[in-house]
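> Sequence below, structure please.
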Amino acid sequence: MLVEEKERLDWNRERVGLVLRVYARKEEQIPESAEEIETIITKAKTMNYKGKPVFGRIDVMVWNDNRYTDSDCGKTYDYLESKWRNASGVFINNFTRGDLYCEILNKAIGIQVRNRIDYSMILSYQALSYFNEETVIEMLKAAEEGALAIGVGINELSYSIMKEGRIANTFAMWHNLSLIQEGLFDIRAAKNIDPSLSITIEGANGAKYLLHGVEETISLARLVSRFGECIAPIRPQGEGFKEYKVPDPEKNPEGFERHMGKMGTKKERQDGFLILAGYALNIIRSGIMKKYRS
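Numbers count the residues shown, from 1 in each chain. Prediction:
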């Protein structure tokens with residue numbers, strides 16, 4: 001297979017951005033969501049590598065498309081924008097036309113590239129305990145070695161990420177120009193406005209979820225097809241207990257049920273999109289860089 005030469009992070013001239021997604025379905029949930037965003041931003045602003053701040057820009061994307069019944073209540077953007085209006089390097093974006101998985105991230109990547117960001121790190125608040133300087137530095141080092149897609153092996157997806165290279169945007173970093181070259185996140189994985197238009201997938205454990213999300217899958221396959229070994233799974237670094245934050249089944253039973261369905265069908269949905277795009281199921285695994293195989 002003929003592959004193209006990979007880009008490598010040059011820390012002297014290139015910049016990394018952080019992308020966060022947020023929405024509150026009910027107005028009373030806004031303060032909690034805002035607190036989670038503030039915690040992440042505060043941590044991000046303390047991180048340094050080789051004598052300079054890690055993040056040149058932080059974009060918070062508020063999912064506020066009221067065509068979707070489960071998007072924001074419509075008031076989170078104003079709440080966050082008023083709070084962060086004068087903060088250096090932090091930008092609140094009101095995303096009103098598009099889905100939560102593909103289109104919102106494609107828009108975020110576009111915003112960051114327009115503002116001279118070469119690598120974009122995507123983080124979900126559920127992975128906050130994994131977000132520390134030690135782990136982020138390991139991600140940057142992987143980019144310096146030519147990794148184009150870098151993902152942290154969070155506990156619930158450890159085998160999938162570390163062994164199979166199926167990194168997740170729960171905590172991942174992408175080389176933007178390479179991602180753009182391969183079509184960004186394929187909108188075939190986008191969330192439908194009308195759920196009845198989506199196929200329901202059943203996992204091996206009986207869990208059910210709609211065939212959407214796992215937007216990383218086709219992108220990873222295309223990157224490997226173009227560039228060969230370019231994926232770097234990263235083990236969590238640093239001290240302290242690390243745990244993926246799962247919705248409380250008593251306080252948020254709907255969110256908990258959604259989470260269980262999502263996790264219980266992730267592999268089946270990933271395989272479905274690989275088949276749909278015409279790739280072998282092992283292509284992503286074949287793209288793990290030798291140093292990062294485990």
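
> going forward, measure contacts between C-alpha atoms and count neighbours the same way
OK.

> phi, psi of the closest residue to residue 241 other than its chain neighbours?
Leaving aside its chain neighbours, residue 241 sits nearest to residue 129 (7.3 Å; criterion: Cα to Cα, 6 or more residues apart in numbering). Torsion angles at residue 129 (phi, psi; degrees, to the nearest 10) stand at phi -70, psi -20.

> Where does the prediction get shaky in the chain?
Regions of the chain meeting the criterion pLDDT under 70 cover residues 1-3, 249, 259, 261.

> residue contacts, residue 202?
208-209, 265, 268 (Cα atoms under 8 Å, 6 or more residues apart in numbering).

> 7 Å instead, please
Residue 202 is in contact with 208-209, 265, counting by Cα atoms under 7 Å, 6 or more residues apart in numbering.

> likewise residue 77?
Neighbouring residues of residue 77 by Cα under 7 Å, 6+ apart: 62, 94.

> So it, which state does it fall into?
At residue 77 the chain is in helix, as set by DSSP: H, G, I helix; E, B strand; the rest coil.

> Look up the closest residue to the spatially most central residue of the chain, ignoring the ones flanking it.
With distances taken as Cα atoms, centre = their mean, residue 169 lies nearest the centre of the chain, 2.0 Å away. The shortest distance from residue 169 to any non-neighbouring residue, by Cα to Cα, 6+ apart, is to residue 122 (5.7 Å).

> what does the helix or strand harbouring the one you found rub up against?
Assigned by DSSP states H and E, residue 122 belongs to strand 119-123. The contact list for strand 119-123 (Cα under 7 Å, 6+ apart) reads 15-20, 109, 169-176.

> please redo it, this time with the cut-off set to 8 Å
Defining contact as Cα under 8 Å, 6+ apart, one finds that strand 119-123 is touched by 15-21, 109, 112, 169-176.

> Take these and keep only those in strands.
16-21, 171-175 (DSSP state E).

> what are the ranges of the strands in the stretch 101-250 of the chain?
Per DSSP state E, counting those that start in this stretch, the stretch 101-250 of the chain carries strands over the ranges 119-123, 149-152, 171-175, 200-202, 208-210, 231-234.

> What angle do strand 119-123 and the third one make with each other?
Computed with axes from the mean of the first three to the mean of the last three Cα atoms, to 10 degrees, the direction of strand 171-175 lies at 160 degrees from that of strand 119-123.

> for residue 27, what are its contacts?
With Cα under 8 Å, 6+ apart, residue 27 has these contacts: 73, 75-76.

> Next one: residue 209 from residue 5, what distance?
With distances taken as Cα to Cα, to the nearest Å, residue 209 is found 38 Å from residue 5.

> now the helices for the stretch 101-250 of the chain?
103-114, 133-144, 158-162, 176-181, 216-227 (DSSP state H, counting those that start in this stretch).

> Widest-spaced pair of the ones in strands among the contacts of strand 119-123?
Taking Cα to Cα, the two most distant members of the ones in strands among the contacts of strand 119-123 are 21 and 175; they sit 18.9 Å apart.

> Flag every buried residue along the longest helix anywhere in the chain.
Scanning the chain for the longest helix, with DSSP state H as the assignment, gives helix 30-46. The neighbour-count check on helix 30-46 (16 or more other Cα atoms under 10 Å) flags 30, 33-34, 36-37, 40-41, 44-45 as buried.

> How about residues contacting it?
With contacts defined as Cα under 8 Å, 6+ apart, helix 30-46 is touched by 20, 22-24, 53-55, 58, 75-76, 79-80, 125, 128, 132.

> Now do the nearest residue to residue 262 once chain neighbours are set aside against residue 186, distance only.
Nearest-residue entry for residue 262: residue 209, 5.9 Å, with adjacent residues in sequence omitted and distances by Cα to Cα, 6+ apart. Distance of residue 209 to residue 186, given as Cα to Cα: 19 Å.

> One more: residue 270?
Residue 270 sits 13 Å away from residue 186, going by Cα to Cα.

> same check, this time on residue 273
Note on residue 273: its distance to residue 186, by Cα to Cα, is 10 Å.

> which residues are common contacts for these two?
Joint contacts of residue 273 and residue 186 (Cα under 8 Å, 6+ apart) are residue 218.
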